[in-house]
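Undergrad: I would like the atomic coordinates for the input below:
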Amino acid sequence: MHWKDLKNKVYYWDGSWRDICILHTNRKDWKVWADYVNRNYPIGWFNGKTGKLENQVDFEVIEEFWDGKHHHCSTARVFIGKIQINAHFFEESEIENDIDPGEFNSIEEHDKLIEYMSALSKLLGREIVLTLENEHESILFKINKNRIKFSEVITPHKKQNWELIGKNP
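TA: Purely as a prediction, here's the structure:
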């Protein structure tokens, strides 16, 4: 798939975001995610408990939120170059990150997202999907370790037609 196709089929601007989803997760998976982003990327984490912006995710505060010890949800912003990935810690059972498709203007930015998703897939041993916002059945592409599958037909509620491609076709 060439950049023009990616821009038109994946990173087009329609006023909505895209969701990076890892389903059926648990606290251990979230901890792996937090440790990975803390080590590898600049972070802007709003600590809901203290009301302060910090440069690392404090996973204990997230666990306290899930345990009902406080009701202050936190949000993390992970910066991969110019790309901002947002993480909300609403529930343990799904890791969901949001991206703004308008931030993607080159194949290099797409490749950075693929690297992020592939690394997480390897660390967690799980498939990761990129979907339309709040439409998890509308998969744009999915990654399982180093394998990337793109949808040619991006229409909700229709069977997906997958094409296996490499990183830079």
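Undergrad: for the rest of this, base every contact and every neighbour count on C-alpha atoms.
TA: Fine.
Undergrad: which stretches of this structure have low pLDDT?
TA: 1, 152-169 (pLDDT under 70).
Undergrad: show me the strands in it, by range?
TA: Using DSSP state E, the strands assigned to the chain run over residues 18-23, 43-47, 52-54, 75-80, 83-88, 94-99, 128-132, 135-144, 147-151, 162-165.
Undergrad: the second one packs against which elements?
TA: Packing partners of strand 43-47 (3 or more CA pairs under 8 Å, 6 or more residues apart in numbering; DSSP states H and E): strand 52-54, strand 75-80.
Undergrad: how about TSV for the strands of the chain, with distance to residue 10 and mean neighbour count added?
TA: Below are the strands of the chain laid out as TSV (distance: least, CA to CA, whole Å; neighbours: other CA atoms under 10 Å):
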stretch	distance to residue 10	mean neighbour count
strand 18-23	9	22
strand 43-47	25	20
strand 52-54	31	13
strand 75-80	18	20
strand 83-88	15	19
strand 94-99	11	21
strand 128-132	9	23
strand 135-144	6	20
strand 147-151	9	19
strand 162-165	14	13
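Undergrad: distance to residue 63 added to those strands, as CSV?
TA: Compiled in CSV, these are given as follows (distance: least, CA to CA, whole Å):
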stretch, distance to residue 63
strand 18-23, 18
strand 43-47, 12
strand 52-54, 17
strand 75-80, 13
strand 83-88, 13
strand 94-99, 14
strand 128-132, 23
strand 135-144, 25
strand 147-151, 32
strand 162-165, 37
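Undergrad: quick one, which of the ones you listed gets closest to residue 30.
TA: Closest approach to residue 30 among the strands of the chain (CA to CA): strand 94-99, 7.0 Å.
Undergrad: how about residues contacting that closest one?
TA: 17-26, 30, 83-89 (CA atoms under 8 Å, 6 or more residues apart in numbering).
Undergrad: could you point out the longest helix in this protein?
TA: The single longest helix within the chain, with elements called by DSSP state H, is helix 107-124.
Undergrad: gap between that helix and the chain center?
TA: Taking CA atoms, centre = their mean, to the nearest Å, the mean C-alpha location of helix 107-124 is offset from the chain mean by 9 Å.
Undergrad: in it, what counts as buried?
TA: 107, 109, 110, 113, 114, 115, 117, 118, 119, 120, 121, 124 (16 or more other CA atoms under 10 Å).
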